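> Need the 3D shape of this:
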Amino acid sequence: MTRNIVTFYTLATHAVESTMNSDNKITWQIIKDGMNETLYALSSMKFNVTTLSLLFFHTFLKKKKRSQQPPSPFFLASSGPC
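The predicted structure is shown next:
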C-alpha cells in the first residue's frame with residue numbers, strides 16, 4: 001500500500017513539474033479531479049489484505065488505461081509494476 005501511494009505521489013509530482021511552463025499545465029487540482037477513483041482505491045487499500053492490494057491496484061490501473069481515450073499522460077510514465 002505504501003509503495004503504491006509513494007509511486008502515485010512521485011508520478012503526480014513529476015506530471016506537475018514537467019508541465020509547469022507549458023500551456024496545458026497539470027495541477028494538483030486537475031489530478032485530484034481526474035483521479036478521484038484512483039485516490040479512493042489507494043486510500044481503501046489499508047483495509048485490504050496486503051497481497052491482494054497490489055493485485056487490486058494493478059487490475060484497477062489496467063482497466064483505467066483501457067477506458068481512457070487517449071491515455072492520460074500521467075500514466076504513461078508508469079510502465080511496469082510499482
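
> Can you tell me the closest non-neighbouring residue to residue 28?
Nearest non-adjacent residue to residue 28, counting by C-beta to C-beta, 6 or more residues apart in numbering: residue 16, 6.4 Å away. Every C-beta, even on glycine, is put in place using the N, C-alpha and C of the backbone.

> Please give the element, helix or strand, for the one you found.
Residue 16 belongs to helix 2-18 when assigned by DSSP states H and E.

> Rounded mean pLDDT for the helix or strand following that helix, please.
Next along the chain after helix 2-18, taking DSSP H and E as the criterion, comes helix 28-34. On average, the pLDDT along helix 28-34 is 92.

> What angle do helix 2-18 and the next helix-or-strand element following helix 28-34 make with each other?
Using DSSP H and E, the helix or strand that follows helix 28-34 in sequence is helix 36-44. Interaxial angle of helix 36-44 relative to helix 2-18 (axes from the mean of the first three to the mean of the last three C-alpha atoms, to 10 degrees): 140 degrees.
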